[in-house]
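Engineer: got a sequence here, can you model it:
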Amino acid sequence: MLASVTGKGVCLCTILWILDTKGVFSLKNVTLSIEPSVVQYRNTSKLRCTYDLEGDALYTVKWYRGSLEFYRYTPSEKERDKRKQAFPFKGVTIDVDRSDSTQVTLNDIDFVVSGEFCCEVTTEDSHIHALNNCKSMVVVQLPEHPPEISVRGEPFDYGDILRANCSSYRSRPPADLTLILNGITVNQTEPLALRKLRPTDYSDLQLELKLSDLHFQEGQLNLQCVAQVSSVYHETVGLELQSVRHPVPEKVSAPNTASAASTASSQTIPLRLFCFTMLCFNAESVIKILIKTIPASCVTYYTVVATPVCDYTDIRINSLDKFYALIVVINLINIKMPHNDNPK
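Structural biologist: Modelled structure (predicted):
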């Protein structure tokens, strides 16, 4: 009896050894990686499949999205079109030139491609053996702009109600929002599965909080809004709120000396004049034009003074015609008149 049992044991071990030498258990370590696994809409992702053949011959590598095979590599095929085969796959373009026995490149990826991907490796010897590995891909659309914060009721003090709103632009999936006050989370959106939103939508988060001394940090209130989409988008905006406990000093500006001088003397008269003369700048002709243009109260002054005291800026002289008539454009003239506190 013992010899019989021993004989059976020797037979079983022999069978296992023979199977092992035939390579049935040689293929191992089949691993799929997706780079990136979270893909922006209409972008590219590369799927890599690594494996250890342990000396066996590679028969095929097949790639699946769910149960749909979309790419196959068969090294025994001599023709390129048969060695690399791409099958119809809605929502993606397969880059065959950048695909081989260990990787496949997907371009122009649409939202419908989100899901589980698998690679299946098959070896060929006296037996055929296959192993596969699967990973998930998510296709997202990111917000075009950072989130925005709006606040009502400033300035704030102990006991006041802080009403704030944070909103994020349209994305897919809608962004998760978090409001943080002085480093402490005070509100955040519900998990996406609990929110009744469209696949692509705006996100909005409101806050109504009664403030206490615990919310102030050295009299300051700093509110932040964090928007996050999966692992590929993380944007933070901050706002320093006006606080009674931390007043902002009033801005002190230097006096405007030019304005003061203008106010001090009401007899400085800015005039815009267009002087047309046949001479290159005859003072007497200009004076005559000024007398007709300026207020009547100034006429006596210009009658007495031979040449007016003027500041001329940006004077342009252009030839008009064959008579060499000149246009003198005086853009700004400040006529400074004598100031007499005791008129007679």
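
Engineer: could I get the full set of helices for the stretch 1-150 of the chain?
Structural biologist: Using DSSP state H, counting those that start in this stretch, the helices found in the stretch 1-150 of the chain span residues 2-21, 80-83.

Engineer: any idea which of those scores lowest on pLDDT?
Structural biologist: When those are ranked by mean pLDDT, helix 2-21 comes last with a mean of 38.

Engineer: what about V140, how many neighbours?
Structural biologist: 20 (other Cβ atoms under 10 Å). All C-beta spots, glycine's among them, are computed from the backbone N, C-alpha and C.

Engineer: what does C119 give?
Structural biologist: Neighbours of C119 (other Cβ under 10 Å): 27.

Engineer: and it, what is it in contact with?
Structural biologist: Residues in contact with C119 (Cβ atoms under 8 Å, 6 or more residues apart in numbering) are 30, 32, 47, 49, 61-64, 132-133.

Engineer: need these in CSV (columns: pLDDT, neighbour count and distance to E116).
Structural biologist: As requested, the contacts of C119 are exported to CSV (pLDDT from 0 to 100; neighbours: other Cβ atoms under 10 Å; distance: Cβ to Cβ, whole Å):
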residue, pLDDT, neighbour count, distance to E116
V30, 97, 18, 15
L32, 98, 19, 10
L47, 98, 23, 12
C49, 98, 23, 14
V61, 97, 23, 17
K62, 97, 19, 14
W63, 98, 26, 12
Y64, 98, 17, 8
N132, 95, 17, 11
N133, 97, 17, 11
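
Engineer: is it true that V121 touches S101?
Structural biologist: No - with contacts counted by Cβ atoms under 8 Å, V121 stays clear of S101, the gap being 9.2 Å.

Engineer: between these two, which one's more packed in?
Structural biologist: Between V121 and S101, counted using other Cβ under 10 Å, the more crowded position is V121 (28 against 16).

Engineer: got the confidence number for the more buried one?
Structural biologist: 97.

Engineer: for it, name its beta-bridge partners.
Structural biologist: Beta bridges link V121 to V61, L131, judged by DSSP bridges.

Engineer: for it, give its distance to L207.
Structural biologist: 53 Å (Cβ to Cβ, to the nearest Å).

Engineer: one more: E144?
Structural biologist: Going from E144 to L207 by Cβ to Cβ gives 24 Å.

Engineer: which one's more surrounded, those two?
Structural biologist: Between E144 and L207, L207 has the larger neighbour count (other Cβ under 10 Å), namely 18 against 8.

Engineer: dump the residue contacts of that one.
Structural biologist: By Cβ under 8 Å, 6+ apart, the neighbours of L207 are 162-166, 179, 186-187.

Engineer: mind running it again at 6 Å?
Structural biologist: Shown in contact with L207 (Cβ atoms under 6 Å, 6 or more residues apart in numbering): 164, 179, 187.

Engineer: in the sheet, who's paired with the last one?
Structural biologist: Translated: N187. As for beta bridges, N187 partners with L179 under DSSP bridges.

Engineer: touching, it and L179? I think so.
Structural biologist: Yes - the criterion here is Cβ atoms under 6 Å, and N187 meets it with L179 at 4.5 Å.

Engineer: mind checking which of these two has more residues around it?
Structural biologist: In this view N187 and L179 are compared by other Cβ under 10 Å, and L179 has more residues nearby, 23 against 17.

Engineer: give me the pLDDT value at that one.
Structural biologist: L179 carries a pLDDT score of 97 in this model.

Engineer: give the contact list for F70.
Structural biologist: So F70 contacts 63, 87, 89 (Cβ under 6 Å, 6+ apart).

Engineer: apply 10 Å and report the result again.
Structural biologist: 62-64, 85-90, 92, 94, 104, 106, 113, 117 (Cβ atoms under 10 Å, 6 or more residues apart in numbering).

Engineer: and it, how far is that from D201?
Structural biologist: Taking Cβ to Cβ, one finds F70 at 30 Å from D201.

Engineer: check contacts around the nearest residue to I128 once chain neighbours are set aside.
Structural biologist: Distances taken as Cβ to Cβ, 6 or more residues apart in numbering place T122 nearest to I128, at 6.1 Å, with adjacent residues excluded. By Cβ under 10 Å, 6+ apart, the residues touching T122 are 27, 56, 58-62, 74, 128-132.
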